[in-house]
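Peer 1: Dropping the sequence and predicted coords here.
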Amino acid sequence: MKSILNYIDGEFVRGKCDFADVNPADGSTIAQVSEANEDIVDRAVCAARKALRGDWGRLIVRDRAVCLNRAADAIEARFDSFVAAEVADTGKPIALASKLDVPRAAANFRAFADLIKTAGLESFQTETPDGKNALNYAVRKPLGVVGIITPWNLPLLLLTWKVAPALACGNTVVVKPSEETPATATLLAEAMKEAGIPDGVYNVVHGFGPNSAGEFLTRHPDVNAVTFTGESQTGAAIMKSVAATVKPVSFELGGKNAAIVFADCDFDDAVSGVAEAAFLNTGQVCLCTERIYVERAIFDGFVDKLKLKAGSLRIGSPLDKTTDLGPLISAQHRDKVLSYYRLAREEGATLITGGGVPGFGSPLDKGFYVQPTIYTGLPESARCVKEEIFGPVCHIAPFDTEEEAISMANDTKYGLAASVWTTNLKRGHRVAQRMNVGITWVNCWFLRDLRTPFGGAGLSGIGREGGMHSLNFYSELNNVCIRL
Ligand code: NAD
Ligand code: 6OH
């Protein structure tokens, strides 16, 4: 059986206990993962601190950028291994991992290599009371050791989205990937070595959250900042854990995202776009749409067409290049999603399609599959309309006025993303700007430019990453004031 080990100071390190890495497509065990205890997490943090004082800490910005580009090259050189590891761990279709996850990992490194070379900082000429001048300018310094904790839905994409800017700013990192998907963070260690990134700059510890590697990392006094992507409740637990040592945090959390479809939309584009937003990665993307508001004039036609789209999705083996929908991540997560399918019935929903588990008559029956599911007819107060389900499921409700649609879309404690579907340019801008979220897409969804601010309001997060926002989070700015 394959072992997945911790990675500290350039060496693979075994802990005292193992846990199983399970393939969600058939329930088989892929590997045994070595869990880091508190001592191993401490060794990783010490190695990261030591590396700050070594060659890495002395690199000029241009050479750091070279290292990041070499990391991207190393990912691309091992493209097939990264895809295979991500597909086995997550059960996502091979076509998706090849198109989205692994290319984005390389793109994350390249984007921040480019940005750090050109990033400027503000300066001010300040008039002093005695009629003279002072000059203020800021310098960018690393925060130090950054703890990075990531989820299982887009493991390599979300990990590198944080590792790349952290390294661009000269930090060192200790990463704790999800216990469900430990493989690609570990493979990245090999790519980092190949890229010539000094030992101790990138460290990996494996394990769970509470009373395990996640908590040991967030409460470690020598970790200078924590960046986290995952559930809102986990964010709350991490806030408590970092409070004692007052660490800065950046949180990208959950969502209960809305799509608003106006009668003047390009109908076929809107159906395709919303179907992708509801079902991509089996609905396990924080940005996925679980609430769809459709103008009454096209409501019935839209529901029919979305049902056809859901019915045409090919559910099957992640290794089949034509598969659209793989399994959910785990038996536990499938239980959660199916509990919402039951709850929707209890809450009085009309089932349009799905609502159960597909049968294959093959080993895939041991996988954690569910059917893509569409409901209508729930009141806005229903738990299925309010709570994040994180599966291939959406609820469609009609609206009559723009004002009503905006108010329903904004009636949530989350605030991550929204999409607006209309061919009326003014309406597109007007509605998009009134969404209480971090990102609104008009006539598209999950179209990313890595320089833009990314994050959420309310329960969906704290802070923004992306472009300069990432550089500013991962840097300590020292303002120098000189009396002239
Ligand atoms: P999760 O919060 O359960 O776990 C995420 C990570 O946190 C894992 O590595 C886990 O081991 C760790 N963790 C758990 N408890 C911890 C603790 N007390 N201290 C330290 N670490 C702890 O999330 P998940 O189930 O892996 O991912 C699904 C959730 O993530 C969904 O809510 C989804 O919306 C959200 N998500 C958000 C974004 C975003 O960008 N906003 C992106 C992806 C996923
Ligand atoms: C959540 O599941 C997806 C998050 C996406 C990003 O963080 C990104 O940078 O595209």
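Peer 2: Ah, there it is. Ligands and ions are numbered 1, 2, ... in the order given.
Peer 1: mind listing what Val33 touches?
Peer 2: Val33 is in contact with 3-4, 18-21, 179, 182, 206, counting by CB atoms under 8 Å, 6 or more residues apart in numbering. The way it works is simple: take the backbone N, C-alpha and C, and place the C-beta from them, glycine included.
Peer 1: among the residues you listed, which two are most distant?
Peer 2: Spatially, the most separated pair among the contacts of Val33 is Ser3 and Glu179, at 15.0 Å (CB to CB).
Peer 1: how about the residues of the stretch 301-450 of the chain near ligand 2?
Peer 2: Within the stretch 301-450 of the chain, the positions adjacent to ligand 2 are Arg448 by CB under 6 Å from any ligand atom.
Peer 1: Point me to the residue of the stretch 301-450 of the chain nearest ligand 2.
Peer 2: Closest contact between the stretch 301-450 of the chain and ligand 2, by CB to the nearest ligand atom, is at Arg448 (4.8 Å).
Peer 1: separation between the residue most central in space within the chain and Thr184?
Peer 2: Most central in the chain under CA atoms, centre = their mean is Leu158, positioned 4.5 Å from the mean C-alpha point. To Thr184, Leu158 is 10 Å away according to CB to CB, to the nearest Å.
Peer 1: what about the helices in the stretch 151-300 of the chain?
Peer 2: Applying DSSP state H, counting those that start in this stretch to the stretch 151-300 of the chain gives helices spanning 155-168, 183-194, 213-218, 232-243, 267-279, 296-312.
Peer 1: Just want the angle from the first one to helix 183-194.
Peer 2: Angle, helix 155-168 to helix 183-194, by axes from the mean of the first three to the mean of the last three CA atoms, to 10 degrees: 40 degrees.
Peer 1: all helices of the stretch 1-150 of the chain, in order?
Peer 2: 38-53, 55-58, 61-77, 79-90, 94-96, 102-118.
Peer 1: quick revisit: what about Ser3 and Glu179, which has more around it?
Peer 2: Glu179 (20 against 13; other CB atoms under 10 Å).
Peer 1: List the contacts of that one.
Peer 2: By CB under 8 Å, 6+ apart, the contact set of Glu179 is 19, 33, 206-208.
Peer 1: Restricting to those residues, which residues neighbour ligand 1?
Peer 2: Restricting those to those near ligand 1 by CB under 6 Å from any ligand atom leaves Phe208.
Peer 1: residue with max distance from the center of this structure?
Peer 2: Max radial position in the chain (CA atoms, centre = their mean) goes to Asp130, at 52.0 Å.
Peer 1: Against ligand 1, how distant is that one?
Peer 2: Counting by CB to the nearest ligand atom, to the nearest Å, the separation of Asp130 from ligand 1 is 50 Å.
Peer 1: what pLDDT does that residue get?
Peer 2: On pLDDT, Asp130 comes in at 95.
Peer 1: cool, and Gly91?
Peer 2: You'll see Gly91 listed with a pLDDT of 98.
Peer 1: Tell me which residues touch the closest residue in space to it that isn't next to it in sequence, please.
Peer 2: Spatially, and ignoring its direct neighbours in sequence, Gly91 is nearest to Pro24 (3.7 Å; CB to CB, 6 or more residues apart in numbering). Listed by CB under 8 Å, 6+ apart, the contact set of Pro24 reads 90-91, 326-330, 367-368.
Peer 1: Swap in 6 Å and give it another go.
Peer 2: Counting by CB atoms under 6 Å, 6 or more residues apart in numbering, Pro24 makes contact with 91, 327, 329, 367-368.
Peer 1: The residues you listed: which two are farthest apart?
Peer 2: Checking the contacts of Pro24 with CB to CB, the most distant pair is Ile329 and Gly367, at 10.7 Å.
Peer 1: buried residues in stretch 178-192?
Peer 2: Within stretch 178-192, the residues that count as buried by 16 or more other CB atoms under 10 Å are 178-189, 191-192.
Peer 1: from the residues you listed, which are also near ligand 1?
Peer 2: The residues of those that also fall near ligand 1, by CB under 6 Å from any ligand atom, are 178-179.
Peer 1: Tabulate the buried residues of stretch 178-192 (a markdown table), appending pLDDT and distance to Gly10.
Peer 2: Below are those laid out as a markdown table (pLDDT from 0 to 100; distance: CB to CB, whole Å):
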| residue | pLDDT | distance to Gly10 |
| --- | --- | --- |
| Ser178 | 98 | 23 |
| Glu179 | 98 | 23 |
| Glu180 | 98 | 26 |
| Thr181 | 98 | 23 |
| Pro182 | 98 | 18 |
| Ala183 | 98 | 19 |
| Thr184 | 98 | 19 |
| Ala185 | 98 | 15 |
| Thr186 | 98 | 13 |
| Leu187 | 98 | 15 |
| Leu188 | 98 | 13 |
| Ala189 | 98 | 8 |
| Ala191 | 97 | 13 |
| Met192 | 97 | 9 |
